[in-house]
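Participant: Build the 3D model from these lines:
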Amino acid sequence: MTVPELEQLRAEIDSIDRDILRLVAERVRLVLRVGEVKRARQMPVYDPAREKDVLEKLSKSPPEPLDAATVRSVFERLIDESRRIEQAHVSRG
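Facilitator: From the prediction side, this is the model:
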């Protein structure tokens, strides 16, 4: 692989990373809205059944070349961080 080919591939990765970041921010904005609904209804932030369901659905049929363990790991982290942000948001409100 030549250096220009490597640079092109890295530029494509950078572009995808920006898209992922934008989508994560959009997801967190929705999480915060969910947190507001939960707070208004005096519901807990943590919903283990919902988290289990989400992880099971996403890791059930991972797209190639991903495997279920990778998908589960990525989304466990995303959910953990989303919950942390939601808890902080609800505490401020």
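Participant: pLDDT wise, what is the residue most central in space within the chain at?
Facilitator: What sits nearest the mean C-alpha location of the chain, by C-alpha atoms, centre = their mean, is L78, with 3.8 Å. pLDDT for L78: 98.
Participant: And T2, by the same measure?
Facilitator: pLDDT at T2 comes out at 82.
Participant: separation between it and A11?
Facilitator: Between T2 and A11 the distance is 14 Å, computed by C-beta to C-beta, to the nearest Å. Quick note: C-beta positions are derived from backbone N, CA and C, even for glycine.
Participant: Check the gap between L58 and I16 for me.
Facilitator: With distances taken as C-beta to C-beta, L58 is found 18 Å from I16.
Participant: show me where pLDDT drops low in the chain?
Facilitator: Low-confidence segments of the chain, defined by pLDDT under 70, span residues 1, 93.
Participant: So which residues of it form strands?
Facilitator: With DSSP state E as the definition, the chain shows no strands.
Participant: which residues in it form helices?
Facilitator: Secondary structure of the chain by DSSP state H: the helices cover 3-40, 48-60, 68-92.
Participant: tell me what the longest one is packed against?
Facilitator: Read it as helix 3-40. Judged by 3 or more C-beta pairs under 8 Å, 6 or more residues apart in numbering; DSSP states H and E, the packing partners of helix 3-40 are helix 68-92.
Participant: Give the buried residues for the helix it packs on.
Facilitator: The neighbour-count check on helix 68-92 (16 or more other C-beta atoms under 10 Å) flags V71, F75, L78, I79, S82, R83, E86, H89 as buried.
Participant: That helix vs helix 48-60, what angle?
Facilitator: 150 degrees (axes from the mean of the first three to the mean of the last three C-alpha atoms, to 10 degrees).
Participant: rewinding a little: comparing T2 and A11, which shows the higher neighbour count?
Facilitator: Using other C-beta atoms under 10 Å as the criterion, T2 and A11 rank with A11 on top: 10 against 7.
Participant: count of residues packed around G35?
Facilitator: The tally of other residues near G35 (other C-beta under 10 Å) stands at 22.
Participant: neighbouring contacts of stretch 14-32?
Facilitator: Contacts with stretch 14-32, where a contact means C-beta atoms under 8 Å, 6 or more residues apart in numbering, come from L78, S82, R83, I85, E86, H89.
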